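Participant: return atomic coordinates for the entry below.
(2 chains)
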2 protein chains.
Amino acid sequence: MRSASSSPDADRPNEGVFALQDDDEQWMALRYDLTAPLARFAAQNWETLPKPFRRYAFGTVWRNEKPGPGRFREFTQCDADTVGSARPEADAEIIAMAAQGLEAAGLPSGSAILKINNRKLLNGLMTAAGVTDEGQKLGVLRAVDKLDRLGPDGVRLLLGEGRKDESGAFTKGAGLNAAAAERVLAFTAAGVGGRRETLDALANVVGGSEEGDAGLAELAAIDAALTGLGVGPDRALIDPSVVRGLEYYTGPVFEAELLLSTLDEKGQPMRFGSVGGGGRYDDLVARFTGERTPATGFSFGVSRLAAALRAANRDLTAQVRGPVVVIVFDQALMADYFAVAGELRAAGIPAEVYLGQSGMKAQMKYADRRLSPAAVIVGEDELKAGTVTIKDLDLGRELSRKVTDNAEWREQRPGQQTVARSELVATVRKILDAGS
Amino acid sequence: MRSASSSPDADRPNEGVFALQDDDEQWMALRYDLTAPLARFAAQNWETLPKPFRRYAFGTVWRNEKPGPGRFREFTQCDADTVGSARPEADAEIIAMAAQGLEAAGLPSGSAILKINNRKLLNGLMTAAGVTDEGQKLGVLRAVDKLDRLGPDGVRLLLGEGRKDESGAFTKGAGLNAAAAERVLAFTAAGVGGRRETLDALANVVGGSEEGDAGLAELAAIDAALTGLGVGPDRALIDPSVVRGLEYYTGPVFEAELLLSTLDEKGQPMRFGSVGGGGRYDDLVARFTGERTPATGFSFGVSRLAAALRAANRDLTAQVRGPVVVIVFDQALMADYFAVAGELRAAGIPAEVYLGQSGMKAQMKYADRRLSPAAVIVGEDELKAGTVTIKDLDLGRELSRKVTDNAEWREQRPGQQTVARSELVATVRKILDAGS
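Facilitator: Numbers count the residues shown, from 1 in each chain, chains lettered A, B, ... in the order given. Below is the predicted model:
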């Protein structure tokens, strides 16, 4: 989700960025993520911002990459970040926010989970194992990041001399000795369910190095704050196998994983994996100011999340209710129809006058396709009597499944009532409340 | 606001569009507006859409143009359109929506207005005046479009042989004879306040031609529907001088104009003009399907509107209230602070635990800068007594202006109260209600 590619990054400068020139041949780029722009904004406005600075952002980002299932060249991200707080509680709030975001997107406990790790643990472990070369450390991170795809045996090769894939291509390994590689693998497997239990297990693996102990203390503080915020291990757990690919993370990292079973386009089960991620990036703002500024955040891949929900057969858009439709029964009464729609809208009820030029049947079909809760009908009779006829379309749809005899149907006019015009809003609201 | 430049347009193909190539040298373009993509979508999905199809959209668009005050190369538009209804009432609904949109943006009656015209009037008038050449008609539209900038005398020249500007550059005119030019100018000046009165005045100028009469009938139907929708002439009037530059409009056109006095960057009064516009474009969908499909819509230039509000010294962001801030009084009580914030949030009250690492004074300053309505303080004493101390920051700000003596201030502790923990939400809500 996050990448520094649009900001100076020694490792992958500008890879994946779409760039173009304007008529004056000035170079411009489409933004790669929402994190680098935040870092630039915070750096430029640091003196005048209330600190810690918290912001959320929602918008389009672009990747100059080959698209694939759930991978887009243009997609929507939604980020939340806190800049200027080094507290682990700031990380915990971001994680809690992400958990609530998943819930709001229709992914409650059991259908998605936040996984938390801390870069400092693996760094501490490597230091304890005598690995001090930064390139070697990066190689270890990259190897562990492939655990999902290659399994422990593949990662063991990448931690050591290297690995030859099915095509015969050889990837050079991180060059750890066998004992160190086993220690890394033991570390990645130390997740055991409860957050406290995992922390205890991790203390046995990484405890002792200064950096590892610092990482454990941060995770313990995050655990306590999450508990205070009411986020249990069913929503957020500690998983030492989570790495997040980006180099700019400096401490805790987070990943949101879909747990629902998903199908690919051919109907085959597939693992969808991550729908968002984030972490602490205390050095990114410093690229613009030179001054270290603590920051932590999370990014939802909104387009990817939507694709995941579709793959899990949870299409949220199907649930959207349409407006109340005011039927055009008599062309001469258009002004009255607009007054009816206006009255409903003023009461906060979405409503519209049918604006096509078709008859009753087509209008009722339109209301049905819009998933309208009700249709309002006013003819000459209603106008004279000071009434409105209201059709409960939910009830109508339900009854139409039960009543099979056409004559019986006409007799009953299921879900239809004629009430005083002054009862319009109250009657429609009753239908809405019953249907919600 | 709207332009067909990103869709096939004989007049200005691709002018102003940002385009780039991907790694496979496939051309891509950044969208120029939200109307052409809607037309393409409607054309591709016409069979399966509930009709009329109504949609709104909000997003970024790009113009490869020289930027200037209130003119951006990247900006946000918000559009609403109805596709598949030829009814003037569909136009009226779009206009009413635009009027409500202005109101929601903080521009009530008197600070902005919708101006309505109909291309068919000027077309009818030209036909009646013997002008049948399409190029000549376009020249007349372009001349009238400059009325704001050049005034009637300048437009008279452009309607006739042409006009030399201050720099000596000559613009060829539409070539109307003097009588026809005067008729066009009389038409543009026929707006007289009330919508009905203007329609009557226009009937005298353009009445008689078939197209002009059709245009008048449409405007009369729009007027009636607007009245039914409760939109008076203070929000939307008929102004025959409105043209809208784009060629794709086929009937009614609308423009939202800011009426507030605005200042430029040097503090000089300036006319901001249009902050949005739209109209009926019955031929645009046909460019994709070949089949004429009636459509009407409106586009707010959101970035331009924001610039206009700033230029009118109406910065809406200044009004945004901050969250209730839970003060970190004692590091050991962080879990309790999160519980307090969680309780307030669960009650729908924005709240946050202060996440910096500064003392009381800095925390209160932070709450003040965030425009927080209240701060919650829990120390050892409150914890033991099962209470919370709540500071009403609005009241505090108010009293701090009155109380000048420091000792008196300390004595009174303005706006501060200690209540039972169970009264937390109710007490904070009382403060919020008093401040709103």
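Participant: contacts, neighbours, all on C-alpha from now
Facilitator: Noted.
Participant: against B:G191, how distant is the residue in the stretch 101-250 of chain A positioned nearest to chain B?
Facilitator: Going by Cα to the nearest Cα, chain B is nearest to A:G228 of the stretch 101-250 of chain A, at 5.1 Å. For A:G228, the distance to B:G191 equals 65 Å [Cα to Cα, to the nearest Å].
Participant: swap in A:D81?
Facilitator: 52 Å.
Participant: okay, those two: which has more neighbours?
Facilitator: A:D81 (25 against 21; other Cα atoms under 10 Å in any protein chain shown).
Participant: where does pLDDT dip in chain A?
Facilitator: Flagging of chain A using pLDDT under 70 yields the residue ranges A:1-14, A:315-319, A:399-414, A:436.
Participant: what residues does it put near chain B?
Facilitator: With Cα under 8 Å from any Cα of the partner chain as the criterion, chain A meets chain B at residues A:18-20, A:22-23, A:50-52, A:64, A:84-87, A:89-90, A:224-225, A:228-230, A:334-336, A:338-339, A:342, A:355-357, A:366, A:369-370.
Participant: now with 7 Å?
Facilitator: When proximity is defined by Cα under 7 Å from any Cα of the partner chain, chain A lies next to chain B at A:20, A:50-52, A:85, A:87, A:90, A:224-225, A:228-229, A:335, A:338-339, A:342, A:355-356, A:366, A:369-370.
Participant: buried subset of those residues as a PyMOL selection?
Facilitator: To isolate the buried subset of these in PyMOL, counting by 16 or more other Cα atoms under 10 Å in any protein chain shown, use the following:
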select buried, chain A and resi 20+50+51+52+85+87+90+224+225+228+229+335+338+339+342+355+356+366+370
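Participant: inside strands: which ones of the residues of chain A next to chain B?
Facilitator: A:L20 (DSSP state E).
Participant: tell me which residues in the longest helix seen in chain A are buried?
Facilitator: Ranked by residue count, the top helix of chain A under DSSP state H comes out as helix A:210-228. Buried residues in helix A:210-228, counted by 16+ other Cα under 10 Å: A:210-216, A:218-228.
Participant: list of residues touching it?
Facilitator: For helix A:210-228, contacts defined as Cα atoms under 7 Å, 6 or more residues apart in numbering or on different chains pick out A:88-89, A:91-92, A:96, A:118, A:120-121, A:123-125, A:195, A:206-207, B:335, B:338-339.
Participant: tell me which element the spatially most central residue of chain A is part of?
Facilitator: Central residue of chain A (Cα atoms, centre = their mean): A:F300, 3.7 Å from the mean position. In this assignment (DSSP states H and E), A:F300 forms part of strand A:295-301.
Participant: and that strand, what does it pack onto?
Facilitator: strand A:74-83, helix A:88-104, strand A:274-280 (3 or more Cα pairs under 7 Å, 6 or more residues apart in numbering or on different chains; DSSP states H and E).
Participant: counting by contacts, list what the helix or strand just after the longest one packs against.
Facilitator: In this case it means helix A:88-104. Note on helix A:88-104: by DSSP H and E, the next helix or strand toward the C-terminus is strand A:112-118. Other elements packing on strand A:112-118 under the criterion 3+ Cα pairs under 7 Å, 6+ apart are strand A:236-238, strand A:252-258.
Participant: quick check: the residue of the stretch 1-150 of chain A nearest chain B.
Facilitator: Closest point on the stretch 1-150 of chain A to chain B, by Cα to the nearest Cα, is A:S85, at 5.2 Å.
Participant: mind giving me the domain ranges of chain A?
Facilitator: A:19-131+A:176-316, A:322-435 (automatic domain parsing).
Participant: please render these as JSON lines that adds distance to B:I327 to the earlier fields.
Facilitator: Converted to JSON lines, the domains of chain A look like this (distance: least, Cα to Cα, whole Å):
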{"stretch": "domain A:19-131+A:176-316", "distance to B:I327": "13"}
{"stretch": "domain A:322-435", "distance to B:I327": "38"}
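Participant: looking at those, which is buried most?
Facilitator: Comparing those by mean neighbour count (mean count of other Cα atoms under 10 Å in any protein chain shown), domain A:19-131+A:176-316 ranks first with a mean of 19.
Participant: distance between that one and the chain's centre?
Facilitator: With Cα atoms, centre = their mean, to the nearest Å as the basis, domain A:19-131+A:176-316 stands 12 Å off its chain's centre.
Participant: surely A:K51 touches A:S85?
Facilitator: No: A:K51 is not in contact with A:S85 according to Cα atoms under 7 Å; the separation is 8.1 Å.
Participant: residues in contact with the residue lying closest to A:S299 once chain neighbours are set aside?
Facilitator: The shortest distance from A:S299 to any residue other than its chain neighbours is 4.2 Å, reached at A:D79 (Cα to Cα, 6 or more residues apart in numbering or on different chains). By Cα under 7 Å, 6+ apart, the contact list for A:D79 reads A:L34, A:Y56, A:A57, A:F58, A:F298, A:S299, A:F300.
Participant: and A:I390, helix, strand or coil?
Facilitator: Secondary structure, DSSP: H, G, I helix; E, B strand; the rest coil: A:I390 is strand.
Participant: mind listing the residues bridging to it?
Facilitator: A:I390 forms beta bridges with A:V376, A:Q417, as assigned by DSSP bridges.
Participant: my guess is it meets A:Q416, correct?
Facilitator: Yes: counting by Cα under 7 Å, A:I390 sits close enough to A:Q416 to count as a contact (5.7 Å).
Participant: quick check: end-to-end length of stretch A:281-299?
Facilitator: Taking Cα to Cα, stretch A:281-299 runs 13 Å from one end to the other.
Participant: which residues does it contact?
Facilitator: A:1, A:39-40, A:43, A:77-86, A:91, A:94, A:248-250, A:276-280.
Participant: same question, stretch A:247-261
Facilitator: A:110-120, A:244, A:269, A:272-284, A:312.
Participant: now the residue of chain A most remote from its centre: which helix or strand?
Facilitator: Here the centre of chain A is the reference, and by Cα atoms, centre = their mean the most remote residue is A:K384, at 53.6 Å. Using DSSP H and E, A:K384 sits within helix A:380-385.
Participant: likewise A:R183?
Facilitator: A:R183 belongs to helix A:178-188, assigned by DSSP H and E.
Participant: helices and strands around the helix or strand following that helix, which ones?
Facilitator: Downstream of helix A:178-188, the first helix or strand assigned by DSSP H and E is helix A:195-206. Helices and strands touching helix A:195-206, as assessed by 3+ Cα pairs under 7 Å, 6+ apart, comprise helix A:119-128, strand A:236-238.
Participant: list the contacts of the first one.
Facilitator: The reference is to helix A:119-128. A:V206, A:S209, A:E210, A:E211, A:G212, A:G215, A:T250, A:G251, A:P252.
Participant: which residue is the nearest non-sequential neighbour of the residue of the stretch 101-250 of chain A closest to chain B?
Facilitator: Using Cα to Cα, 6+ apart, the closest residue to A:G228 is B:A335 (5.1 Å).
Participant: cool, and A:K146?
Facilitator: Of all residues not flanking A:K146 in the chain, A:V155 sits nearest, at 6.8 Å (Cα to Cα, 6+ apart).
Participant: quick one: that neighbour from A:T198, how far?
Facilitator: Taking Cα to Cα, one finds A:V155 at 21 Å from A:T198.
Participant: on that earlier part again, for the residue nearest to A:S299, list each beta-bridge partner.
Facilitator: A:A57, A:S299.
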